[in-house]
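>>> Structure of the sequence below:
(one chain, ligands or ions: 1)
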Amino acid sequence: MAEQELAGRVALVTGGASGIGRAAAERLAAAGARVIVADVDRESAAAVVAIIASVGGEAVFRPLDVTDRDAVRRVVEACASEFGGLSILFNNAMSNPLLSYADDERWNLMLESGLTAYWAAALAAAPYLARSGHGAIVQTASIAGARMGFEFASEAYCAAKAGIVGLTRRLAKRLGPSGVRVNCIAPGVIRTPRLVYSGSEEPEFARRVKLLTPLGRLGESAEVAELVLFLASDRASYITGQDIAIDGGFTVAPMFENATLP
Ligand SMILES: NC(=O)c1ccc[n+]([C@@H]2O[C@H](COP(=O)([O-])OP(=O)(O)OC[C@H]3O[C@@H](n4cnc5c(N)ncnc54)[C@H](O)[C@@H]3O)[C@@H](O)[C@H]2O)c1
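This next block holds a predicted model:
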């Protein structure tokens, strides 16, 4: 059997217990990486680790709340020393505070978990990624904020996601000389547990997004995981500093054709 492309590499995935992070953890493990699933949700993370093990992959869970930047740094350091280094960092977790949270609190939680934590993890991981000889950081932005003002996302969410694009470019410049690549992905609307707020019904906005998407459907986490794997692998060896949309064409669709004009 041909050697798996990520054999011998260690990957840290934040928010790996659900949705896009879970799919990426499973895909990276299937490609041969030893995966650390870092998340606040112990139960779901344990289930992901068990699923990966059941198909012959290697994964462990480490508890992490990315609203605490010092905890982020500690987990990166601990994982790198425990697993003998780090090759891949997938910065993906972001808090999803309830609408009832006061605006300031919501803003702080989203910016801390969805931007500051990415910066803290990247810099803590950088020396280990450089030493690995294949270092890659992938970060989850979003079309919301990073590509467009999206009415269904909060201002805090859009600001954090736009910030990830700038952070990605700056880190690519800083870490490129040490051989570490840094890219971000901008998913459109992907069918994950985050999307369904109550019951099994798709929210109204998902229905509207489908109507305005050239491919006529929402995205799947497994599709996003393929992009994460590609960017994390040597197949993307000359790609850095980029922000790659994965949205079924939503952001290039001419929405004015669907607007009712006076
Ligand atoms: N689903 C979409 O349509 C979509 C679109 C664009 C971007 N994104 C982004 O993708 C990423 C993953 O979202 P998802 O849709 O897979 O969501 P999800 O809710 O399915 O998974 C998010 C995971 O992050 C974990 N998490 C939440 N807060 C955390 C914290 N403070 N510390 C550690 N872990 C925490 C959760 O426990 C969960 O396991 C997020 O950054 C989100 O903004 C999602």
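
>>> Name the residues of the stretch 101-250 of the chain found near the ligand, please.
Neighbours of the ligand within the stretch 101-250 of the chain, by CB under 6 Å from any ligand atom: 113, 140, 142, 187, 189, 190, 192, 193, 194, 195. For the C-beta atoms, the positions are set from N, CA and C on the backbone; glycine is no exception.

>>> of all those, which two lie farthest apart?
Using CB to CB, the pair of these lying farthest apart is 113 and 189, separated by 20.3 Å.

>>> could you give the mean pLDDT of stretch 79-99?
Rounded to a whole number, the mean pLDDT of stretch 79-99 is 94.

>>> buried residues in it?
79-80, 83, 85-95, 97 (16 or more other CB atoms under 10 Å).

>>> Strands along this protein, start to end?
Under the criterion DSSP state E, strands of the chain are mapped to 10-14, 34-39, 58-63, 88-91, 136-140, 181-187, 190-191, 219-220, 243-246.

>>> With distance to residue 23 added, can I get the ones you listed in a markdown table?
As requested, the strands of the chain are exported to a markdown table (distance: least, CB to CB, whole Å):
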| stretch | distance to residue 23 |
| --- | --- |
| strand 10-14 | 10 |
| strand 34-39 | 12 |
| strand 58-63 | 13 |
| strand 88-91 | 11 |
| strand 136-140 | 12 |
| strand 181-187 | 11 |
| strand 190-191 | 9 |
| strand 219-220 | 8 |
| strand 243-246 | 12 |
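
>>> For this protein, which helix extends over the most residues?
helix 155-175 (DSSP state H).

>>> For it, enumerate the helices and strands it packs against.
Applying 3 or more CB pairs under 8 Å, 6 or more residues apart in numbering; DSSP states H and E, we find helix 155-175 packed against helix 103-111, helix 117-132, strand 136-140, helix 143-146, strand 181-187.

>>> Name the surrounding residues that touch that helix.
91, 94, 106-107, 109-111, 114-115, 118-119, 122, 126, 129-130, 135, 137, 139-142, 144-146, 149-150, 153, 181-184, 186, 240-243 (CB atoms under 8 Å, 6 or more residues apart in numbering).

>>> Quick one: mean pLDDT for that helix?
Rounded mean pLDDT across helix 155-175 is 97.

>>> now that helix, how far from the centre of its chain.
Relative to its chain's centre, helix 155-175 lies at 13 Å (CA atoms, centre = their mean, to the nearest Å).

>>> Using PDB, list the CA coordinates for it.
Presented in PDB, the C-alpha positions along helix 155-175 are these (Å, rounded to 0.1, in the frame of the first residue of the first chain):
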ATOM      1  CA  GLU A 155     -21.100  42.300  13.200                       C
ATOM      2  CA  ALA A 156     -18.800  40.600  15.700                       C
ATOM      3  CA  TYR A 157     -18.800  37.400  13.600                       C
ATOM      4  CA  CYS A 158     -18.100  39.400  10.400                       C
ATOM      5  CA  ALA A 159     -15.300  41.400  12.000                       C
ATOM      6  CA  ALA A 160     -13.600  38.300  13.300                       C
ATOM      7  CA  LYS A 161     -13.800  36.500  10.000                       C
ATOM      8  CA  ALA A 162     -12.500  39.500   8.000                       C
ATOM      9  CA  GLY A 163      -9.700  39.700  10.600                       C
ATOM     10  CA  ILE A 164      -8.700  36.100   9.900                       C
ATOM     11  CA  VAL A 165      -8.000  37.100   6.300                       C
ATOM     12  CA  GLY A 166      -5.600  39.900   7.300                       C
ATOM     13  CA  LEU A 167      -4.000  37.700  10.000                       C
ATOM     14  CA  THR A 168      -3.500  34.900   7.400                       C
ATOM     15  CA  ARG A 169      -1.700  37.300   5.000                       C
ATOM     16  CA  ARG A 170       0.500  38.700   7.700                       C
ATOM     17  CA  LEU A 171       1.400  35.300   9.100                       C
ATOM     18  CA  ALA A 172       2.200  34.000   5.700                       C
ATOM     19  CA  LYS A 173       4.700  36.800   5.300                       C
ATOM     20  CA  ARG A 174       6.200  36.200   8.800                       C
ATOM     21  CA  LEU A 175       6.300  32.400   8.700                       C
END
